[in-house]
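J.: Sequence first, predicted coordinates after that:
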Amino acid sequence: MIENRKGDWFEPRILGFLCNWCSYAAADLAGMSRMEYPPNIRCVRVMCSGRVEPSFVLEALREGYDGVLIAGCHPPSDCHYQSGNLKARRRYYLLRKLLRELGINPDRVRLEWASASEGQRFAEIVKDFTERLRRLGPSPLKVKRVGAE
Amino acid sequence: MGRNRLNLAIGLGATCSGCDITIVDLAEYLPKVLSSVNIAFWPTAADLKLKDLEAMANGSIDLCLYHGAIVNEENAEMARLLRRKSKLMVAFGSCACFGGVPGLANLATKDSLLETVYGTPSTDNPKGLKPQGEALVGEYRMAVPKRLDAVLPLSGVVEVDYSIPGCPPQTSQVKDAFEAILSSDLPPRGSVIGPAKNLCDECPRKREGKSISKIVRAHETIADQERCLLDQGILCMGPATRAGCDAKCIKANMRCEGCMGPPDGVGDQGAKMLGAIASILGLEGEDKMSEEDVARLMDGIVDPVGLFYLFSLPSSILRRRLWEV
Ligand code: FES
């Protein structure tokens, strides 16, 4: 679906942390059902969205990713470890505040829920996030390496 | 001067000199230190000039304790010079280790810093003068060291052999370090001199609860002396901070602000603390909360950077503010 592959405009790179039991399965389903979605995302499978520490997200941003997606099982009770998704949610809202204070658009980080049967939803999320990041432009960390003298 | 005396230098960058006081605070141990060292350079206490230091042979200083952050070219130059002259370079105190409180300047631009210091209405500066890089005063050309784009820890400009964190470091840490060096019984290079674990490990308070329902800021309450401060809703940095201070603030009924920096195995103190707070804030009844409820709850933390990175912003993952929003 990337019409602009040869064009000049910028293609965001997204790092996705997907929980093993729901969202990774959703991504798998999207692939197996040959649903189309932008190839801008690289997926890392984690056991639970509650496993995603704030430092993972900060590291991804430092490495120059334009966006980070955290995806897990639907709240309140789909998480296979009972409440990892709720913990992820609390971290996410606090992390957004931190990013804003550090001058990074908090919309570069996104938390979504997709169950194992929601391949279509996963494809939509990636499509929408890619589109938004295209509009936001490249990460400010990509333009300028931090701490460089 | 005995030949086997240790050649000691104490260098400084952007510092409040509280770290110098720690050395003087060695008290009855100080004569022992002084009788086994020769002070090669210590601007605060000894009358030695930069040219004396420059004249020394490379590697002729056995131990350099460097305190203060690197905020301008002069700091960086001094750090490089001392590194060349010294066999062991120690980041002494939180500013040298992590950037420290001066590191919060990484939330501002160079211009806005000058504006704040020289331009705010409370400042008596009718002509609106600000420091220039260079100026002609009579026949003399005067220069002020240029500020770097960002505040750096010592390790941002030179290789550091050991770190002794703390604001200021504890005299016990300094004693341990001197003992180790004088007996040449040194830990592996790159180590932090201090316990590996976090402050909660040596905290005398009782920890019971798991959930807190809201944030209480330190000035809003008088904390219970016995119970864990986090349990009381006070954002104590203990879980993300290295032990070794003997829980001094905690014992004075004050929250830990995190001056010892992160414990072993934790790279980013603020991210660690953010995770710890998110684990307990709003835990009870979490399944009944909406997204808005969670967002509102987290809004109770007004200044996450100032809170989580008070001492360590320049050595955190992102190091400084960017200007996208
Ligand atoms: S297992 Fe999917 S969010 Fe916890």
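T.: Cool, got the structure.

J.: quick one: the closest residue in space to residue B:192 that isn't next to it in sequence and chain A, what's the gap?
T.: With sequence-adjacent residues excluded and distances taken as CB to CB, 6 or more residues apart in numbering or on different chains, residue B:192 is closest to residue B:163, at 4.7 Å. All C-beta spots, glycine's among them, are computed from the backbone N, C-alpha and C. According to CB to the nearest CB, to the nearest Å, residue B:163 stands 18 Å off from chain A.

J.: element containing residue B:163?
T.: strand B:162-164 (DSSP states H and E).

J.: Show me what secondary structure element comes after that strand.
T.: Of the helices and strands lying after strand B:162-164 in sequence (DSSP H and E), the nearest is helix B:171-182.

J.: And the nearest residue to residue B:313 once chain neighbours are set aside, how far from residue A:21?
T.: Among residues not flanking residue B:313 along the chain, residue B:103 sits closest, at 4.4 Å (CB to CB, 6+ apart). According to CB to CB, to the nearest Å, residue B:103 stands 41 Å off from residue A:21.

J.: picking up where we left off before, quick one: residues in contact with the strand holding residue B:163.
T.: Residues from elsewhere that reach strand B:162-164 (CB atoms under 8 Å, 6 or more residues apart in numbering or on different chains): B:65, B:88, B:90-93, B:96-97, B:173-174, B:177, B:186-187, B:189-194.

J.: distance between it and the chain's centre?
T.: Remark: strand B:162-164 is offset 11 Å from the chain centroid, using CA atoms, centre = their mean, to the nearest Å.

J.: Give me the mean pLDDT for that strand.
T.: Per-residue pLDDT values across strand B:162-164 average out to 96.

J.: And for stretch B:228-245?
T.: 96.

J.: and that stretch, how far apart are its ends?
T.: One end of stretch B:228-245 to the other measures 17 Å (CA to CA, to the nearest Å).

J.: For chain A, give me its nearest residue in the stretch 101-250 of chain B.
T.: Relative to chain A, the nearest point of the stretch 101-250 of chain B is residue B:150 (5.6 Å; CB to the nearest CB).

J.: Would you check that residue B:170 makes contact with residue B:246?
T.: Yes - using CB atoms under 8 Å, residue B:170 makes contact with residue B:246 at a distance of 6.8 Å.

J.: Who has more neighbours out of the two?
T.: residue B:170 (19 against 13; other CB atoms under 10 Å in any protein chain shown).

J.: pLDDT wise, what is the more buried one at?
T.: At residue B:170, the predicted lDDT confidence score is 93.

J.: Find the nearest non-adjacent residue to the residue nearest the centre of chain A, please.
T.: Centroid-nearest residue in chain A: residue A:69, 0.9 Å away (criterion: CA atoms, centre = their mean). Here the nearest residue to residue A:69 in space, its sequence neighbours aside, is residue A:16; by CB to CB, 6+ apart that works out to 4.2 Å.

J.: contacting residues for the one you found?
T.: A:27, A:41-44, A:68-71, A:126.

J.: ditto for residue A:105
T.: Contacts for residue A:105 (CB under 8 Å, 6+ apart) come out as A:99, A:136, B:324-325.

J.: ok, which of the residues you listed also contact the ligand?
T.: When the contacts of residue A:105 are checked against the ligand using CB under 6 Å from any ligand atom, none falls in range.

J.: and stretch B:208-216, anywhere near chain A?
T.: No - for a cut-off given as CB under 8 Å from any CB of the partner chain, stretch B:208-216 has no contacts with chain A; the smallest distance is 10.9 Å.

J.: I'd like to check what contacts that stretch. Which residues are they?
T.: B:227-228, B:230-235, B:280-284, B:297, B:300-301.

J.: Now do the buried residues in that stretch.
T.: B:212, B:215 (16 or more other CB atoms under 10 Å in any protein chain shown).

J.: Now do residue B:3, the pLDDT please.
T.: 53.

J.: just residue A:2 next, same as before
T.: pLDDT, residue A:2: 42.

J.: Please enumerate the helices of the chain.
T.: No chain in the question, so chain A it is. A:23-32, A:54-62, A:84-101, A:119-136, A:140-143 (DSSP state H).

J.: Not quite, go with chain B.
T.: B:18-24, B:30-36, B:50-55, B:73-85, B:94-98, B:110-119, B:171-182, B:248-251, B:269-280, B:291-298, B:304-308.

J.: The closest residue to residue B:29 other than its chain neighbours: neighbour count?
T.: Spatially, and ignoring its direct neighbours in sequence, residue B:29 is nearest to residue B:175 (5.7 Å; CB to CB, 6+ apart). Using other CB under 10 Å, residue B:175 has 15 neighbouring residues.

J.: Check the gap between residue B:175 and residue B:26 for me.
T.: 7 Å.

J.: Please apply the same query to residue B:142.
T.: Per CB to CB, residue B:142 is found 38 Å from residue B:26.

J.: Nearest spatial neighbour of residue A:44, chain-adjacent residues omitted?
T.: Distance criterion CB to CB, 6+ apart; nearest residue to residue A:44, sequence neighbours excluded, is residue A:17 at 5.3 Å.

J.: Repeat that for residue A:19.
T.: residue A:72 (4.3 Å).

J.: how much space between that neighbour and residue B:20?
T.: Distance from residue A:72 to residue B:20, by CB to CB: 51 Å.

J.: Show me which residues of chain A sit near chain B.
T.: Contact residues (CB under 8 Å from any CB) of chain A with chain B: A:53-55, A:58-59, A:61-62, A:75-77, A:83, A:86-87, A:89-91, A:93-98, A:100-106, A:140-141, A:144, A:146-149.

J.: among the helices of chain B, which is nearest the ligand?
T.: Nearest of those to the ligand, taken as CB to the nearest ligand atom: helix B:269-280 at 14.3 Å.

J.: ok, for residue A:24, nearest residue in space, not its chain neighbours?
T.: Leaving out its chain neighbours, the residue that sits closest to residue A:24 by CB to CB, 6+ apart is residue A:18, at 4.1 Å.
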